[in-house]
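>>> pasting the structure only:
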């Protein structure tokens, strides 16, 4: 799932590419009411069976209630590093497509509840410790 701080078109593009491989990608806005609190969508996402979320929102690891919700949910969270902030919508889509195989690999084969920093280029995803 892609968080609200990423373009919905990116989720649609990734879904179109990866659906045939059994991976579905949704945008947060397509699943939850606008304005839903982070703690609530994190809880509901896990209840609905989601494995991972990609976000530019680093508050999830700093704000106590959000961090607790994340840990309790078991979701794997991929935090886009600072450089992603300056990218255009199209550049974000390109970079996400280039990194998505690693996102899938880590989401499927690592312990639940992990966090990773996602670089714009390269394949070295850094583990986020809480």
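Nice, thanks for sending it over. All figures in this text were calculated on a predicted structure; none of them were measured in a lab.
>>> and stretch 25-39, end to end?
One end of stretch 25-39 to the other measures 20 Å (Cα to Cα, to the nearest Å).
>>> err, stretch 7-25, not the other one
12 Å.
>>> before we move on, what about stretch 82-94?
16 Å.
>>> for that stretch, give the mean pLDDT please.
Throughout stretch 82-94, pLDDT has a mean value of 91.
>>> could I get the pLDDT score of residue 130?
So residue 130 comes in at 66 (pLDDT).
>>> shift numbering so it begins at 517
All right, first residue 517 from here; so that's residue 646.
>>> who's in contact with the residue lying closest to residue 526 once chain neighbours are set aside?
Once flanking residues are discounted, residue 526 sits nearest to residue 609: 4.7 Å by Cβ to Cβ, 6 or more residues apart in numbering. Bear in mind the C-beta positions are built from the backbone N, C-alpha and C, glycine included. Residue 609 is in contact with 523, 525-526, 529, counting by Cβ atoms under 8 Å, 6 or more residues apart in numbering.
>>> so which bits of the stretch of helix or strand residue 609 belongs to are buried?
Assigned by DSSP states H and E, residue 609 belongs to helix 605-625. Residues 608-609, 611-612, 615-616, 618-620, 622-623 are the ones in helix 605-625 that count as buried (16 or more other Cβ atoms under 10 Å).
>>> ok, stretch 572-591 next?
Quick answer for stretch 572-591 (16+ other Cβ under 10 Å): 572-574, 576-577, 582-583, 585-586, 589, 591.
>>> most widely separated two among these?
572 and 589 (18.6 Å; Cβ to Cβ).
>>> residue 630: how many residues sit nearby?
For residue 630, the neighbour count with other Cβ atoms under 10 Å is 19.
>>> that one - nearest residue in space that isn't next to it in sequence?
residue 592 (5.1 Å).
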